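# Predicted model and sequence follow; I will ask about them next.
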Amino acid sequence: MFGYDKINKRDLCLIAVVFLTAAGLLFFRRLSAEKGTFATVEQDGRQIAQLSLAEEGTYVFVCREGGTHVIRVQDGLVRVEEADCPDQICVRQSWIGQEGETAVCLPHRILVRVQKESG
């Protein structure tokens, strides 16, 4: 195709440089991310709760449609521990704790967002 039959050494070097650059940027971003201090729980774009990541606890939220979410805060992290939504994507997501990280349940329109207090 296009007159080239094989990948040569220069192509492999270029691929390696692009891969290493992307991995380095991802690593640097992860190192520079700040720990959040609280998590907001929103439904339909409205905040329904603010949870301190410094206080461990388990919280139950009942959605307007009758769905239930169990959100757990532990060791400065937060996660959706249980939900009765059909796809369970929010439950399968891991713990979050860096500023800007989110966990989303689309069927029940729930968003858990980690934030850091400004000040």
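That came in fine, so what should we check first?
# so where's the protein shaky on pLDDT?
In the predicted model, the chain carries pLDDT under 70 at residues 1-5, 30-33, 118-119.
# Could you pull out the strands in it for me?
Using DSSP state E, the strands of the chain run over residues 38-43, 46-52, 57-62, 68-74, 77-83, 102-105, 110-115.
# want to throw those strands into JSON lines with distance to Leu14?
Bear in mind the C-beta positions are built from the backbone N, C-alpha and C, glycine included. What follows is the strands of the chain, written out as JSON lines (distance: least, Cβ to Cβ, whole Å):
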{"stretch": "strand 38-43", "distance to Leu14": "42"}
{"stretch": "strand 46-52", "distance to Leu14": "46"}
{"stretch": "strand 57-62", "distance to Leu14": "49"}
{"stretch": "strand 68-74", "distance to Leu14": "44"}
{"stretch": "strand 77-83", "distance to Leu14": "39"}
{"stretch": "strand 102-105", "distance to Leu14": "34"}
{"stretch": "strand 110-115", "distance to Leu14": "37"}
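# ok now the helix with the most length in the chain, how far from the chain's centre?
When the chain is scanned for its longest helix (criterion: DSSP state H), the result is helix 9-32. What separates the centre of helix 9-32 from the centre of its chain is 22 Å, taken as Cα atoms, centre = their mean, to the nearest Å.
# re earlier: now tabulate the strands of the chain in TSV and tack on mean neighbour count and distance to Phe19.
Conversion of these to TSV gives the following (neighbours: other Cβ atoms under 10 Å; distance: least, Cβ to Cβ, whole Å):
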stretch	mean neighbour count	distance to Phe19
strand 38-43	19	34
strand 46-52	13	38
strand 57-62	12	41
strand 68-74	18	35
strand 77-83	20	30
strand 102-105	19	27
strand 110-115	21	29
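# Lys6 is nearest to which of these?
strand 102-105 (43.8 Å; Cβ to Cβ).
# Export only the CA atoms of the closest one, formatted as PDB.
Output for strand 102-105, consisting of C-alpha atoms alone and laid out as PDB, is shown next (Å, rounded to 0.1, in the frame of the first residue of the first chain):
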ATOM      1  CA  THR A 102     -15.500  11.500  38.400                       C
ATOM      2  CA  ALA A 103     -17.800   8.500  38.700                       C
ATOM      3  CA  VAL A 104     -21.000   8.600  36.600                       C
ATOM      4  CA  CYS A 105     -24.200   6.700  36.600                       C
END
